[in-house]
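> predicted coordinates and the sequence they were generated for:
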Amino acid sequence: MEQFVLAGFPAQRLRRLRGHAALRDLVREHTLTIHDLVYPIFVYHGRNLEREIGSMPGQYQYSLDRLTVAIDRVVEAGIRAVLLFGIPECKDPEGRVALDDQGIVQEAVRAIRRRAPGLLVITDLCFCEYTDHGHCGPLRDEGGRRDVDNDATLALLGQQAVSHARAGADVIAPSGMMDGMVGAIRRALDAAGYASLPILSYAAKYASAFYGPFREAAESAPAFGDRRGYQMDPANSDEALREVALDLAEGADLVMVKPAMAYLDVARRIKERFGVPLAAYNVSGEYAMVKAAAERGWIDERRVVLELLTGMKRAGVDLILTYHALDAAAWLRAG
Ligand code: PBG
């Protein structure tokens, strides 16, 4: 306050700008729009399936033949980008099925291309949905400790990325938190002739309890242990800056912080330090909390969701991956 007085501002009455709705609109600093939103979709093996996820009311697993239902909803809502997750029928220790050009995500990308050629298709690049142990890459024994084999995973990620590119993905989004993953994927894409394909790196991804419902949806809960050996400690934010710096040096075009709500300080620091396109993932557990409270009538869902998403924009986030996208789009359109 004192600094404003010293700078020559008179003693302010800040409420003057809050009295009239149009004036509030005129002085608003941040605005959430439909174009900020990315909608995550789960593609599940099998046929004729549109199954609601228990801990994520309003979100579904779709089989390939039903994917058009989801895509039509997205297009109708005015959403222009989706993030794809695939849940295959067969899993193995290395997640080999993720590399199949006819795999579930690859086929889903093709189906979306046919149905909605203008939609931006981002593919999540990871192995936890494809390995039988649910970790984000093949395992190895290191001094009696079973852990994800970082460098073996890098080679596989490169192959998976190229397969997604061949299917027609517009953006590749590696989420496994392996060291060197962005560089390995960039090199593999470049070598295969996809130098123009952007990478959205899950750069600052925390070992969070907020992923619980997702792991039900994607059947990707680790069979033993947890992901703290590769995902970040929620207590750290300097480390997030190091993660982002490394990913940018390796060729990331956009970076992400995940989850969103408890990590907006991290988003702000990343934006201020690097000034690069920044995504936030408003994850499954965050969605579930809002839905649960809304179902009980404890909160006003519309206002809470728009407030949360606007808070992300205010923190410096450019694009928001959120399960609320369809609802938010409808609310934004209704004004
Ligand atoms: C896969 C992945 C996860 C999420 C996105 N990609 C789960 C995890 O790391 O366990 C979580 C998304 C959500 O909770 O909505 N690595």
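Looks like it came in fine. Numbers count the residues shown, from 1 in each chain.

> can you show me the strands along this structure?
Assigned strands in the chain, in chain order: 37-44, 50-53, 56-63, 81-87, 120-125, 139-142, 145-148, 171-174, 200-205, 254-258, 278-282, 319-322 (criterion: DSSP state E).

> any residue of the fourth one touching the ligand?
No: when contact is scored as C-beta under 6 Å from any ligand atom, no part of strand 81-87 falls within range of the ligand; the minimum is 6.9 Å. Bear in mind the C-beta positions are built from the backbone N, C-alpha and C, glycine included.

> before we move on, what about the third one?
No: under the criterion of C-beta under 6 Å from any ligand atom, strand 56-63 makes no contact with the ligand; the nearest approach is 8.4 Å.

> who does that strand pair with, and is each partner parallel or antiparallel?
Sheet pairing of strand 56-63 (DSSP bridges) gives strand 37-44 (parallel), strand 50-53 (antiparallel).

> would you reformat those strands as TSV and include mean pLDDT, mean neighbour count and distance to the ligand?
Compiled in TSV, the strands paired with strand 56-63 are given as follows (pLDDT from 0 to 100; neighbours: other C-beta atoms under 10 Å; distance: least, C-beta to the nearest ligand atom, whole Å):
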stretch	mean pLDDT	mean neighbour count	distance to the ligand
strand 37-44	98	23	7
strand 50-53	97	14	11
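
> residue 316 is nearest to which of those strands?
Counting by C-beta to C-beta, residue 316 lies closest to strand 37-44 out of these; the figure is 16.5 Å.

> show me the contacts for the residue in the stretch 1-150 of the chain that the ligand sits nearest to.
Here the stretch 1-150 of the chain gets closest to the ligand at one residue, residue 126, 4.0 Å apart by C-beta to the nearest ligand atom. With contacts defined as C-beta atoms under 8 Å, 6 or more residues apart in numbering, residue 126 is in contact with 136, 174-176.

> picking that back up, looking at the strands paired with strand 56-63, spot the one closest to residue 160.
So among those, strand 37-44 is nearest, using C-beta to C-beta, at 15.2 Å.

> if we can go back for a sec, what's the distance between the residue of the stretch 1-150 of the chain closest to the ligand and residue 220?
Distance from residue 126 to residue 220, counting by C-beta to C-beta, to the nearest Å: 8 Å.

> repeat that for residue 274.
Using C-beta to C-beta, we find residue 274 at a distance of 30 Å from residue 220.

> likewise residue 190?
With distances taken as C-beta to C-beta, residue 190 is found 29 Å from residue 220.

> list the beta-bridge partners for the closest residue in space to residue 44 that isn't next to it in sequence.
Once flanking residues are discounted, residue 44 sits nearest to residue 61: 3.8 Å by C-beta to C-beta, 6 or more residues apart in numbering. For residue 61, the beta-bridge partners are residue 42, residue 51 (DSSP bridges).

> what sits against residue 61?
Taking C-beta under 8 Å, 6+ apart, one finds 42-44, 49-51, 53, 87, 217 in contact with residue 61.

> can you rerun that using 10 Å?
If a contact means C-beta atoms under 10 Å, 6 or more residues apart in numbering, then residue 61 has 41-46, 49-53, 85, 87, 216-219 as its contacts.

> circling back: show me which of residue 190 and residue 220 is the more surrounded one.
Summary of the neighbour comparison: residue 190 and residue 220, criterion other C-beta atoms under 10 Å, with residue 220 having more neighbours (21 against 13).

> burial of the residue nearest to that one when sequence neighbours are not counted, as a residue count?
With C-beta to C-beta, 6+ apart as the measure, residue 128 is the residue that lies nearest to residue 220, at 4.1 Å, once sequence neighbours are left out. Applying the criterion other C-beta under 10 Å, we find 26 residues in the vicinity of residue 128.

> okay, residue 128: pLDDT?
Here, the pLDDT recorded for residue 128 equals 94.
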